[in-house]
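>>> What would the 3D arrangement of this be:
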Amino acid sequence: MPLWRWPDILVLMEGLAITRQALARRGRRLEYFTIAWNSVEGIVGVVAGIIAGSISLVGFGVDSFIEVISGCALLWRMSVDAEEDQRERIEQITLRIVGTCFLALAAYVGYEAIRNLIGQKPPEHSLAGIVLACAALIVMPVLARAKRRVGTQLKSAAMKADAKQADFCMYLSAILLGGLILNAVVNLWWADPISALVMVPIIAKEGVEGLRGDPCCD
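Residues are numbered from 1 along each chain as shown. So this is what the prediction gives:
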C-alpha cells in the first residue's frame, strides 16, 4: 500500500472509533432512562398492586425492578465497549443474571396466580394500574426501537436482548391492561390471575434463554 494513503486510512479509523464512542454514549443514556423509568414503574406497580390485591400488577412491578438490574448490567457493558476483549464475557454475564431473575419472577407470578384462582380472591379496581399500563404501552415501544438500533450498530447481543426486554414489557403491559379493565368494567375477578398466568410462560422462556446465554434477538 502506498505510504501516501496511510494518513487517509488513519483518519477513517479515527472516525469509526469516534462513531462507536458516540453510540456507546447513546446506549448509556438509554440505560440511564431505563433505570429511572423502571424504578418509578416498579414502585408504582408494586404499591398499587398490593393495595388492589392484584397479582398481575405486582408481577408487573417486580418485572420493572428486573429491568433495572438489566439496565445496570448494560451500563457496565457500555462502559467497557472500547475494551473489545471484555465485550462478549460481559454480555454473557448480563444475559445469565437477567435470565435467573426472570425465572424467579415466573415462579412467583405462577404461584400467586394459582393461589388466587383457587381461593377465588377478587382484586380491587386499580385506576393507578390502568394508567401505569397505558404509559408503558406508549414508552416501551419507543425505547425498544432506540435500543435495537444501538445494539445493531454496535453488534451488541446484550443491547439487542435488552431491547427485547422492553418489547416484552410492552406485551406484559397489554396483558395487564386487559385484565385490569375487565375487572373494572365487568367485574371479572378471575381476569387478573388469568392474565398473570398468561405472563408465566413468556417470562420463563426469556429466563431459560438468558441462562443459556442466547442473544434472544436474532
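
>>> what separates stretch 19-28 from the chain centre, distance-wise?
Taking Cα atoms, centre = their mean, to the nearest Å, one finds stretch 19-28 lying 20 Å from the centre of the chain it belongs to.

>>> and if you look at stretch 189-204?
A distance of 17 Å separates the centroid of the chain from that of stretch 189-204, by Cα atoms, centre = their mean.

>>> same thing with stretch 197-206?
13 Å.

>>> cool, and stretch 173-191?
Worked out by Cα atoms, centre = their mean, stretch 173-191 lies 22 Å from the chain centre.

>>> avg pLDDT for it?
For stretch 173-191, the mean per-residue pLDDT is 79.

>>> Then stretch 96-111?
pLDDT averaged over stretch 96-111 gives 82.

>>> same thing with stretch 51-63?
82.

>>> What are the buried residues along it?
52-63 (16 or more other Cβ atoms under 10 Å). For glycine as for every other residue, the C-beta is placed from the backbone atoms N, C-alpha and C.

>>> Tell me how far the residue nearest to the spatial centre of the chain lies from residue 151.
Closest to where the C-alpha atoms of the chain average out (Cα atoms, centre = their mean) is residue 165, at 3.2 Å. Here the distance between residue 165 and residue 151 works out to 12 Å (Cβ to Cβ, to the nearest Å).
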